[in-house]
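No sequence on hand, only this structure:
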């Protein structure tokens, strides 16, 4: 529309006038961070209530106050000078009970203390497909809860995509176990190529064998049966 609307003071369009002025404008400094800040207290279940909805934060901040930065499209939770969680903002004008938005990573500290919570815990109903397939297999085994928790905890130390790839490769190989996933993950994270082995085409003997049975008799010595 600027290319069509005439400027009220000049014989040109608004677009042409703006294009001529643009090189002389001052550069924009730090972008304006427009948000509304609220102080919220995290519930014992690691949730923060806002606009009838509930959003999860890391379990280490349960029962503690946090700062909520409300943007038009997202919610950012800040504590101790750092961003601890971020969720897409859900705007629903219906007078309903609201929705709960979980991030399963926020509850890893909880299931490390209580592995049994992994079976029916609501935050873990939305795991990636590879983790869910592995969970169905491991929870049928004795000690499978603890093994699955240890595998999920790998995302705290390594890239989640790499851990998920290791899980998928273990499932394809038909060996879904913690040790197999750790071995595959270590190979994925090791970017150093294996050095080539330089071996000769054929091996040459330094001492050629002799067809001499007397050598055997000397090895036997005098300790032999009559």
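Perfect, I can see it now. Predicted, not measured: the structure shown is a model, and the values here were computed from it. Numbering: from 1, shown residues only.

Could you list every helix and strand in contact with the lengthiest helix in the chain?
Ranked by number of residues, the top helix in the chain under DSSP state H is helix 160-173. Applying 3 or more Cβ pairs under 8 Å, 6 or more residues apart in numbering; DSSP states H and E, one finds that helix 160-173 makes contact with helix 129-138, helix 178-189. Where you see a C-beta, it was placed from the backbone N, CA and C, and this is true even at glycine.

is it possible to export those to JSON lines including mean neighbour count and mean pLDDT?
Below are those laid out as JSON lines (neighbours: other Cβ atoms under 10 Å; pLDDT from 0 to 100):
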{"stretch": "helix 129-138", "mean neighbour count": "17", "mean pLDDT": "89"}
{"stretch": "helix 178-189", "mean neighbour count": "16", "mean pLDDT": "87"}
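
Mind checking these for the one nearest to residue 207?
For residue 207, the closest of those is helix 178-189, at 41.3 Å, according to Cβ to Cβ.

That closest one relative to helix 129-138, how many degrees between them?
Counting by axes from the mean of the first three to the mean of the last three Cα atoms, to 10 degrees, helix 178-189 lies at 160 degrees to helix 129-138.

could you give the angle of helix 178-189 to helix 160-173?
Going by the same axes, to 10 degrees, helix 178-189 makes 120 degrees with helix 160-173.

Report all helices and strands that helix 178-189 contacts.
In terms of contacts (3+ Cβ pairs under 8 Å, 6+ apart), helix 178-189 is packed against helix 144-152, helix 160-173.

still on that earlier bit, turn the helices and strands packed on helix 160-173 into JSON lines, columns for distance to residue 158.
Below are the helices and strands packed on helix 160-173 laid out as JSON lines (distance: least, Cβ to Cβ, whole Å):
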{"stretch": "helix 129-138", "distance to residue 158": "14"}
{"stretch": "helix 178-189", "distance to residue 158": "7"}
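
Quick check: which of those is nearest to residue 81?
Going by Cβ to Cβ, the one of the helices and strands packed on helix 160-173 nearest residue 81 is helix 178-189, 30.4 Å.

continuing past that closest one, what's the next helix or strand?
Under the assignment DSSP states H and E, the closest C-terminal helix or strand after helix 178-189 is helix 214-220.

Which strands or helices does that next one pack on?
Secondary elements touching helix 214-220 (3+ Cβ pairs under 8 Å, 6+ apart): none.
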